[in-house]
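Novice: When you get a sec, could you give me coordinates for this:
(chains A and B)
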Amino acid sequence: RKEVEQDPGPFNVPEGATVAFNCTYSNSASQSFFWYRQDCRKEPKLLMSVYSSGNEDGRFTAQLNRASQYISLLIRDSKLSDSATYLCVVNMNNQGGKLIFGQGTELSVKP
Amino acid sequence: DVKVTQSSRYLVKRTGEKVFLECVQDMDHENMFWYRQDPGLGLRLIYFSYDVKMKEKGDIPEGYSVSREKKERFSLILESASTNQTSMYLCASSFPGTTEAFFGQGTRLTVV
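Specialist: Here you go, the predicted structure:
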């Protein structure tokens, strides 16, 4: 079983749609969590951290459920510019800060 | 402006060659990482280092080694390149703990 698993997609949605990505992790010792965004032929960049209480940044909302070992990202009012691959990331702080990535979920927002 | 720099964007090597991929960061980060990225498989961790001369195997270390003689530089070595090592290689660095990792632009390595 992979340490971090995501639905690879692709998700094809119209502009203005709400889309949700899910991610599960297998190691209960995982200590911090992130969503990264990767544009085509570019390097990954941090989109947002995920906090236990859930957090929001504009149209983006991240949630963490430690009991179920589950992370989610919700994008409201999708824009064309949201088209990218979204990567779920787990930081193993108790292993020196090892970062484990999910395989990514591809999003394509259409006009 | 923070920076992680990988020495080459594109590289073509022959089977059996020894290949060095270099990565330098200017943020005084303790942690540095090497990943490879392949379609459908995402980013897979090859090795990471949490301090000078310290290294930890990731998920797919076979066929690779690393060197971290200075804090700012982390090198990935393919001892004898094989065609199944054709991939995009990404270097990253971060402070330990709950902080952002920064990536280099990647090296697309083709082994022929």
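Novice: so where's chain A uncertain?
Specialist: A:1 (pLDDT under 70).
Novice: Longest strand of it, counting residues only.
Specialist: Assignment by DSSP state E gives strand A:84-92 as the longest strand of chain A.
Novice: Remind me what that strand packs against, helices and strands.
Specialist: In this structure, strand A:84-92 packs against strand A:4-6, strand A:19-25, strand A:32-38, strand A:70-75, strand A:98-101, strand A:105-110, with contacts taken as 3 or more CB pairs under 8 Å, 6 or more residues apart in numbering or on different chains; DSSP states H and E. Quick note: C-beta positions are derived from backbone N, CA and C, even for glycine.
Novice: Strand partners (parallel or antiparallel) of the fifth one?
Specialist: Yep, that's strand A:98-101 we're talking about. strand A:84-92 (antiparallel) (DSSP bridges).
Novice: Any idea how far the strand it pairs with is from the middle of the chain?
Specialist: Offset of strand A:84-92 from its chain centre (CA atoms, centre = their mean, to the nearest Å): 5 Å.
Novice: List the contacts of it.
Specialist: A:3-4, A:6, A:21, A:23, A:25, A:27, A:29-40, A:44, A:47, A:71, A:73, A:97-102, A:104-107, B:42-43, B:97-98, B:101 (CB atoms under 8 Å, 6 or more residues apart in numbering or on different chains).
Novice: hmm, 6 Å instead?
Specialist: Contacts to strand A:84-92, defined as CB atoms under 6 Å, 6 or more residues apart in numbering or on different chains, come from residues A:4, A:6, A:21, A:23, A:25, A:30, A:32-34, A:36-39, A:44, A:71, A:98-102, A:104-106.
Novice: Can you pull the residues of chain B lying near chain A?
Specialist: With CB under 6 Å from any CB of the partner chain as the criterion, chain B meets chain A at residues B:31, B:42-43, B:48, B:50, B:96-98, B:100-101, B:103, B:105-106.
Novice: For the closest residue to chain B within chain A, grab phi and psi.
Specialist: With CB to the nearest CB as the measure, A:Gln103 is the residue of chain A nearest to chain B, at 3.1 Å. Summarising the backbone geometry of A:Gln103 under the convention degrees, to the nearest 10, its torsions are phi -80, psi -10.
Novice: For it, which non-adjacent residue is closest in space?
Specialist: In this structure, A:Gln103 finds its nearest non-sequential neighbour in B:Gly42, 3.1 Å apart by CB to CB, 6 or more residues apart in numbering or on different chains.
Novice: Could you check the pLDDT of B:Thr98?
Specialist: Confidence at B:Thr98, expressed as pLDDT, is 61.
Novice: residue contacts, the residue nearest to A:Gln103?
Specialist: The neighbours of B:Gly42, taking CB under 6 Å, 6+ apart as the test, are A:101, A:103-104.
Novice: Mind telling me what element the most centrally placed residue in chain B is part of?
Specialist: Centrality entry for chain B: nearest residue to the mean C-alpha point is B:Trp34, 2.9 Å, by CA atoms, centre = their mean. The secondary structure element spanning B:Trp34 is strand B:31-38 (assigned by DSSP states H and E).
Novice: contacts for that strand?
Specialist: Contacts to strand B:31-38, defined as CB under 6 Å, 6+ apart, come from residues A:97, B:43-50, B:74, B:76, B:87-94, B:96.
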